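kindly generate the corresponding structure for this input.
(chains A and B)
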Amino acid sequence: MTVIPNEDWFACLPGCEARVPCGQGTHAVRWEAGSLRLSEHPDAEAEAVLAALGGEKARCIEVAEAWARHADDLSVLAIGPRGPADEITTGWDDVTAAQQGAAGGFAFTGSAVGRRMPMRPAAGLHPSVPAGVQRRRLRAQEELELVRRRRTDMLSLLALGYGFQVRLAGHVAAAHADAADDPAEGRARPALVAAMAGRIGPVAEQWLGIDPDQVVVSLHAGPDWGSVELTGRGEQRRLQVALPALWLARIWAAGLALVDRHLVVAVERAGWPDARVLGLRAPGAEPEPLEVHDGGDGAGHAPHWEV
Amino acid sequence: MNRERAETFLRLLAETELRAASEGAFVSDAPWPTDSPGTSFGRLTRVSQALTAVHALDLAAAQDVLADFAVALSVRQHSDPSPVLLTRPTMARGRLYARAWPGPPDPGAVRLGVVGPDRYVSLGLTVPFRHEDIGGEVNLLSYSHTSSGARFTVTWRTRSPVGQSLMGRGFGSPVFPRLFTVSDDRGNRYQLDFSFTDRSGEILLRPVPPDGLSWLELNAPGQKPVRIDLHEQGAAEPDGGGPQVTQTDLSAGEQMLTVFADRLLMVAGEHGPDLRRTSYARAPLHAMTAGLGDVVAALEAAEVLSPHSQVPGQVAALCASLSITGHGLTAPPGPELPERWLSLLSHYQRRKPDTAPAREGHAPLAVALPEFDGMRLALLGLHNTDGQTILHLLVSGLPEDDGTGPPLPENLPVSVWVRDSGGRWHVAGVDGAHFSDGEHWLRMKLRPALARSTPWIEVLVAGRSAEVCTTLPLQWRYPA
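From the prediction side, this is the model:
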């Protein structure tokens, strides 16, 4: 069965919205059709320029910038939720605490683990410190600053809530899906395989009662949807799953992975709140077309699909 | 080597650990210590170290996986990953796994058996000195002139505590470099840089002497000048042969596990018979071997260790012989252990330990071994000091420690063993090192110590592509 999607990967996802503490109040940040929208910052670009010139940057702008920085960052898949049950309750207080912790910077000492101290520029090191050591220390400090900023970014993006978390994961998976099909170009393949395993494992457990550690995932390349087979018995029992990387974006991120006890492997007609998908009743079975409908509460953050 | 599968293995392991944490299986209050194999992070760190050691995974990629895992765990447990993130640059500085040589290099590029143009002269001279209240002697074991300069490998002793303090300072010791002077047969005079660890080390000559010198003269305070003949003498070996080179073909994973086993035997030697009696004595060995099953699985996934290799089974058998459990190795204990491992195990398992410490003495050596695996090694001296046997080596061809990999003492990609004239094997472990102009100067400690009466030894250096074995007579000198 050939499945060639021609819709955007997010066609089965409704918009979603979060409230972000910004300035003296809270502002709405909205995701709609693949884009982040800051309705209360109509000229976000101008605000960003002003901030670059020394002005204070609005948190909404920071969030949007973080979103853009990480929309193809595979770390999002490694950190973000594996499913609705994998609750990540990061709040804006956590973000603020992380920002304050990072504000003073850190000086890497190589041994004083966890000891915070004001960052000193390399030029301030004692002249007797060899140049090579100074370079390494400076490089280590820069790396640490980068690590800390990434963490603050991640916390901000997680604080937007589950709906945004899975949509961002969809962006990342879609950004790498084409390259992942090519083994020669697929530097992202290990991260995508792990991301798929981490997400399809709990789904398979719910579907078949199999231990997620017994699910073996590979990336499928080709025009068809892939394969799902059950092999072995007892401890040697394995669910061999080969699905394209885009499954993460089009199906998992849209909350479509398991509908009416069917493992959804492809989308035939994308849309929200109605779509037609291909679902497996059992491993090794032929996929069945299913007309599905989002019967959730309309909030749209996490669609609840039904046949 | 399959780098994609290596990274995939590590990332899937992270998924397993994160799932366990989310399901509450991970209950440690302190998930972060990277050195503790009992934590999720420790498990991942060990595998990362192993994969980076065999070059199946970039250091940056390993660090990214570990950092992502730290953040992922922290946001689920509301804990602060800063301690881990702060140590990020050192995550891959392995304490356990020697970094495998990037090779074996292109066979056409291997200069197997080639000895370089460097100059090594066995000396065996004792030079007494006296300055004010300080008296003692310097024993010149060898002279070597290589690309990084010219130097004597020495031991020393003094009869005064003040002298020990001054000599023990090593680099920059202000007194002795000025007291000793060296000149050559062409009238050149040299400054001396002392580099000592405990009571042995190197005395570097500056500037670098010209080639072709016939002799040097060492002037020690309170003594007549001592003439040092630099004519090279052929090694007088019992069997009359030079170093024997045997080609081997170890995979990177086999080499890593073999060197790891050497280190295990080295550490086990610190406790000897206590290993069987107390779990306390085995604790360091348990810490070293925890997670070894994960490491072997990772090496197999990365295709740097064949699933049919006997080495994991041999390591499992070694662990069983040392009463080590909890390593996670699934390979059945190997069919046959290497003779040298058995020799050491037999020694460790004796009911009565050696009670007499090795007596003081030194034996001059100056032997360049044939090049293999892109490395050249030279043996520059052997001595028994403070009950321990130290072998001095010069290694060229190793990369400089740039701070991103395991430091050299944990990074020597070869096994070094000594077999004494009685047939007993002694494992060598790096006890100290310094780097100069592309060359590493190593102090290797032998375990067990060598009896001073040993008339000859066989030195075995084993890498991935070759084993070099050379038999050396020992002309022991004893302190006055």
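
report the central residue of the chain.
Using chain A here. A:Ala169 (2.5 Å; Cα atoms, centre = their mean).

chain B was what I was after
Central residue of chain B (Cα atoms, centre = their mean): B:Val430, at 2.9 Å.

so that one bridges to which residues?
Beta-bridge partners for B:Val430, by DSSP bridges, are B:Met444.

just checking, it touches B:His440?
No - with contact taken as Cβ atoms under 8 Å, B:Val430 and B:His440 are classed as non-touching, separated by 9.2 Å. All C-beta atoms are positioned from the backbone trio N, CA, C, and that covers glycine.

B:Met288 belongs to a helix, doesn't it?
Yes - looking at B:Met288 with DSSP: H, G, I helix; E, B strand; the rest coil, it is inside a helix.

and for it, the neighbour number?
For B:Met288, the neighbour count with other Cβ atoms under 10 Å in any protein chain shown is 20.

and A:Arg150, by the same measure?
Neighbours around A:Arg150, by other Cβ under 10 Å: 21.

same thing with A:His293?
If we define neighbours as other Cβ under 10 Å, then A:His293 has 15 of them.

how about the helices in the stretch 251-400 of chain B?
Secondary structure of the stretch 251-400 of chain B by DSSP state H, counting those that start in this stretch: the helices cover B:252-268, B:274-277, B:279-289, B:292-301, B:311-321, B:339-348.

poorly predicted segments of the stretch 251-400 of chain B, please.
Low-confidence segments of the stretch 251-400 of chain B (pLDDT under 70): B:272-281, B:351-358, B:399-400.

make it 90
B:267-291, B:321-328, B:330-336, B:346-360, B:371-376, B:385-387, B:396-400 (pLDDT under 90).

and the closest residue in space to B:Asp437 that isn't next to it in sequence, what does it touch?
Spatially, and ignoring its direct neighbours in sequence, B:Asp437 is nearest to B:Ser148 (3.5 Å; Cβ to Cβ, 6 or more residues apart in numbering or on different chains). Counting by Cβ atoms under 8 Å, 6 or more residues apart in numbering or on different chains, B:Ser148 touches B:396, B:436-439.

likewise for A:Ala188?
A:74, A:176, A:179-180, A:245.

got the confidence number for it?
pLDDT, A:Ala188: 91.

how about it, phi and psi?
Dihedral pair for A:Ala188: phi -80, psi -10, per degrees, to the nearest 10.

which stretches of chain A have low pLDDT?
A:1-7, A:23-24, A:39-58, A:85, A:87-90, A:94-152, A:177-187, A:221-223, A:234-235, A:295-304.

tell me where it has strands.
Applying DSSP state E to chain A gives strands spanning A:16-22, A:25-32, A:35-38, A:215-219, A:227-231, A:238-243, A:258-259, A:262-269, A:274-280, A:288-294, A:305-306.

out of those, which gets nearest to chain B?
Taking Cβ to the nearest Cβ, strand A:215-219 is the member of the strands of chain A nearest to chain B, at 8.4 Å.

so how far is B:Leu450 from B:Asp118?
Between B:Asp118 and B:Leu450 the distance is 26 Å, computed by Cβ to Cβ, to the nearest Å.

neighbour count for those two, which is higher?
Neighbour count, other Cβ under 10 Å: between B:Asp118 and B:Leu450, B:Leu450 has more, with 26 against 17.

now the end-to-end length of stretch A:265-281.
One end of stretch A:265-281 to the other measures 11 Å (Cα to Cα, to the nearest Å).

which residues sit against it?
Counting by Cβ under 8 Å, 6+ apart, A:1, A:3, A:5, A:7-8, A:11-14, A:225-226, A:228, A:243, A:247, A:250-251, A:254, A:256, A:259-264, A:287-294, A:303, A:305 sit against stretch A:265-281.
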